[in-house]
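Enquirer: Got a predicted model here, sequence first, then my questions.
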Amino acid sequence: MENLLVALFEILSFGAIVVLVVLGLGIIASMMGIFNFAQGEFVLLGAYITYLAHTAGLPVWTGMVAAPFVVGALGFVLERLIVRRFYAAPIVAMLGTYALGLIIREIVRGLIGGLYISVPEPIGGSVALGSMHFSTWRLVIIVVTALVMVASYLLLSRTSFGLRVRASLENPALARASGISTNAIYGATFAFGAALAGLAGALIVPVFSLFADLGLRFLIQGFVAVMVGGIGSFAGPVAGAGVIGTLSAALPWVIQPVIADVLVFVLAIVFIKFRPQGLVSGKGI
Amino acid sequence: MSSDSDFQLNRRRFLSNFAFAGTAIATGVGSWVVPAGWANAAAGPIKVGIGTDLTGPMGYAGNADANVAKMVIKQINDAGGLLGRPLELYIEDTASNEAVAVGNVRKLIQRDKVDLVLGGITSSMRNAIKDVIVSRGKTLYIYPQLYEGKECTPNLFCTGPTPAQQCDEFIPWLIKNGGKKFALPSANYVWPHTLNVYARKVIEANGGEVVLEEYYPLDQIDFSSTVNRIISNKVDVVFNTVIPPGVGPFFKQLYEAGFLKNGGRLACVYYDENTLGINQPAEIEGLASCLDYFKALTKDDPVSAKLQADYDKAYPGNFLFAAGSAATGTYRGLKLWEAAVKEAGKIDRDGVAAALDHAKISEGPGGPAEMVPGKRHCKMNMYTAVAKNGNYEIVARSKGLVDPKEC
C-alpha cells in the first residue's frame, strides 16, 4: 500500500514534468504548424537564467520568475529575425530551429564549462508521512503544472487573444482580411511557447541539475508526446505528454529500466500506426 | 535577367565558399600546435600528440587533460627538452564522438607523424582510436583514464586506476563503514558491467551481499522505482556507477527518500572535485570515493600541492586538475614516457615501449608510480575520501603502491 502511494506520487510528478516541458512545444506546433527543435534549448535557457540568479547571490525564486520573461523575449526576437522566414517551408523550419538550438546549447556549454551544476530548490527537503517521503519540490511542480495548464487553456479558449490565435491557425487569409495581424499573432504565440519552456526549465533545474544537454533530453520525449497526442489542438500535446511521461515513469517499476526505455517508443509507434491523427484529432482547443 | 543570373552565380559561389568554410571549420579548428620555443637540434623536435575531447559532453575532462599536457611539455622544454631535442605538442579534438575522433587522430599519425599519442577518455573512444594509433599507425599509445580493465593490446599503456585498484581496499572499508548489503545501480555500458563483476567478487569475498544490480539507459534521469527498491530492501551501501546526467537526480531522490538519514552510505569510484557540484552538499554527505588523487592531499603532500598550485595558476577556471577526468593519468603518462625516452636514448616505438614497460617516476600527483613489467598498467597509491559539507576528506590511504592486477 505504502509502495503503491509512493509509486503513484513519483509517476504523477514525472508526468507533470513532461507535461510542463511539452506544453510550450505543443502550443507552437499546434497553433503555428512549426516544429520548434530549439524548444529544448529554451528549457535549458530557463534553467541557466535560474542558475545565473543563484550565482549572483539572489534568491533562486527570483531567477524562476525572471526566466519565462527573459526566454519569452528572446523567443520573440528570434521569431522576428529568423523563425519567421521559415513559415512557408516547415521542413526547413525544423533544420533552422535545430541550428538555433545547437548554437544556444553549445554557448551554454561553454559558459558552464561542460559541467553538471546543482541549483538548490527554493523549498527543499521532503514531506514525511509515516515511513514515506515525498519530495516537496516535486509537489510544487505538480501544482504549478496544473495551474499553468489551466491558465494556458483559459488564455486560448476564453480570451480574444486566444480567439485570434486560433483564427490565424485555421484560416490565415481570412484572419488577415478580418483585420488580425497574423504576423503579430505568430510572434506573440512563439514568444508565449518559449516563455513556457523557460518556466519549465527554471522549475526542473533543481531536480535534474544544470547541464548543457538538459533540453535535448526532453526534446525526443516531447516530440513523441506531440505525435501521440495529435497536432492541431491544445489538449492533444498535453494529453500526449501525460501519457508518455506517465508511461516512462511507470514502466521501470514493473520491468527492467533498459527495456522500459525502448518499450515507451515501441508503444508510441504502434499507437501512431493505428491512430495516426493522435489521441485528440482536429483543430481547436 | 542578367542581374538575376548574376545573383544565381553569386549565390552558387557563395554556397561553394560556404561549403568550403564549413569543411574547414569541421576539420580545422580542432587542431592546435604548441611549437617548441627553441630548436637547435638537427634532428628536429620530438612530437607529442594529444587526442582528447575538447568539445562535447566530455569537454570538461578533455580540456583539463590538454591543459595538463601543455603544462608538462612546457616543464620538460624549460628543463632542456628530451635527448637534447625540444618537444612539440599537437592537440586534436576527439569531440566526444568516435567517428570524428578517428579522422582527427589519423591526422596526428599521418600528417603530423607524432612519436606518441596520449588520450581518449571513455572506453568507447579508446577502442575507436587504438587501432588507428597502434596497429595501422605503428605509434605508441597511452590511455590515461580510470577504466574497467582488460585492455592488453601491445604498445598500449594505461596510466589510470583499474577495478582492482579501486575496489580491493575500498570495498572492505565500505563494509566496515557502511554495512553488508550492497546495491549496484549502473549505467548500461561496458565500464559499469565489467566493474560490477569485479566489485561483486570483492563484496562477497568480504562477507557482504549484493541485493540489487540494475542497469539503466545512459540518459535516464528519473530513478523513483530504483530508489524505492533500495529503501525497501534496506540497502546499506549504494555502490553507484550511474553517470551524469542521471547521477545528480538519482542521489537527490535517494536523499529525499531518507536514505542518508537512515544511515545509508553512498559510494562512487569516479567521483572527484568535478562532480561535487552536481548535488547540494547535504545530498551527498558522506559519499565515499576511491581514486589516485584528491585535492585534499595537497595539505600533507608537498609534491601534489606544488602540481596543483602550478596548474591552478596556469589554468584558472572551470577545467579542474582532478583524478576522475584523467588529468592525473595524463600527468603520470607523460612523465613515465619522459623517463622511458631518457632510458631508451632514442624515440623509436619499440625502444621506448621496452623502456616504458618498467618505467618509474618518484613524484607525481598522489605520490610515485611505476609500470608493472609486462602488464602495461601502472602501480600507484590509492586514497579513499569522503564528502563532508561539499569537500573531500581523506579517510584511508593504501599502504604503498597498489597493483593493477591486469593482463
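Expert: Cool, the structure landed. Nothing here was measured: the structure is a model prediction, and the numbers come from that model. Numbering: from 1, shown residues only, chains lettered A, B, ... in the order given.

Enquirer: Keeping just the C-alphas, turn the helix or strand hosting residue B:313 into CSV.
Expert: Residue B:313 is located in helix B:302-314, with elements delineated by DSSP states H and E. Written as CSV, here are the backbone C-alpha positions of helix B:302-314 (Å, rounded to 0.1, in the frame of the first residue of the first chain):
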residue,chain,number,x,y,z
PRO,B,302,54.2,18.9,-1.0
VAL,B,303,54.6,17.4,-4.5
SER,B,304,50.8,17.3,-5.0
ALA,B,305,50.5,20.7,-3.6
LYS,B,306,53.1,22.2,-6.0
LEU,B,307,51.5,20.5,-9.0
GLN,B,308,48.0,21.7,-8.0
ALA,B,309,49.3,25.2,-7.5
ASP,B,310,51.2,25.3,-10.8
TYR,B,311,48.1,24.0,-12.6
ASP,B,312,45.7,26.4,-10.9
LYS,B,313,48.0,29.3,-11.6
ALA,B,314,48.4,28.5,-15.3
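
Enquirer: can you pull the contacts of the residue lying closest to residue A:230 once chain neighbours are set aside?
Expert: Excluding the flanking residues, the one nearest residue A:230 by Cβ to Cβ, 6 or more residues apart in numbering or on different chains is residue A:278, at 2.3 Å. No exception for glycine: its C-beta is placed from N, CA and C like everyone else's. Taking Cβ atoms under 8 Å, 6 or more residues apart in numbering or on different chains, we find residue A:278 in contact with A:227-231, A:236, A:240, A:272.

Enquirer: can you list those residues in a markdown table and add secondary structure?
Expert: Listed next are those as a markdown table, based on DSSP: H, G, I helix; E, B strand; the rest coil:
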| residue | secondary structure |
| --- | --- |
| A:227 | helix |
| A:228 | helix |
| A:229 | helix |
| A:230 | coil |
| A:231 | coil |
| A:236 | helix |
| A:240 | helix |
| A:272 | helix |
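
Enquirer: Out of the residues you listed, which one has the lowest pLDDT?
Expert: Of all the contacts of residue A:278, residue A:231 carries the smallest pLDDT score, 85.

Enquirer: The residue nearest to residue A:45 when sequence neighbours are not counted and residue A:194: what is the separation?
Expert: Nearest residue to residue A:45, sequence neighbours excluded (Cβ to Cβ, 6+ apart): residue A:71, at 5.1 Å. Taking Cβ to Cβ, to the nearest Å as the measure, residue A:71 falls 5 Å from residue A:194.

Enquirer: Now do the shared contacts for those two.
Expert: Joint contacts of residue A:71 and residue A:194 (Cβ under 8 Å, 6+ apart) are residue A:42.

Enquirer: does residue A:169 sit in a helix, a strand or a coil?
Expert: Following three-state DSSP, residue A:169 is assigned to helix.

Enquirer: what about the closest residue to it other than its chain neighbours, distance to chain B?
Expert: Leaving aside its chain neighbours, residue A:169 sits nearest to residue A:31 (5.2 Å; criterion: Cβ to Cβ, 6+ apart). Using Cβ to the nearest Cβ, to the nearest Å, we find residue A:31 at a distance of 29 Å from chain B.

Enquirer: ok so residue A:31 is a helix residue?
Expert: Yes. Residue A:31: assigned to a helix according to three-state DSSP.

Enquirer: check contacts around it.
Expert: A:156, A:165-166, A:168-169, A:189, A:193, A:234.

Enquirer: same deal with residue A:180?
Expert: A:164, A:167-168.

Enquirer: can you rerun that using 6 Å?
Expert: residue A:164 (Cβ atoms under 6 Å, 6 or more residues apart in numbering or on different chains).

Enquirer: Give me the pLDDT for it.
Expert: Value for residue A:180, per-residue pLDDT: 92.

Enquirer: Can you report how many residues neighbour residue A:140?
Expert: 16 (other Cβ atoms under 10 Å in any protein chain shown).

Enquirer: Quick check: closest non-adjacent residue to the residue in chain B positioned nearest to chain A.
Expert: In chain B, no residue comes nearer to chain A than residue B:318, which is 2.8 Å away by Cβ to the nearest Cβ. The spatial neighbour of residue B:318 that comes closest, neighbours along the chain excluded (Cβ to Cβ, 6+ apart), is residue A:113 at 2.8 Å.
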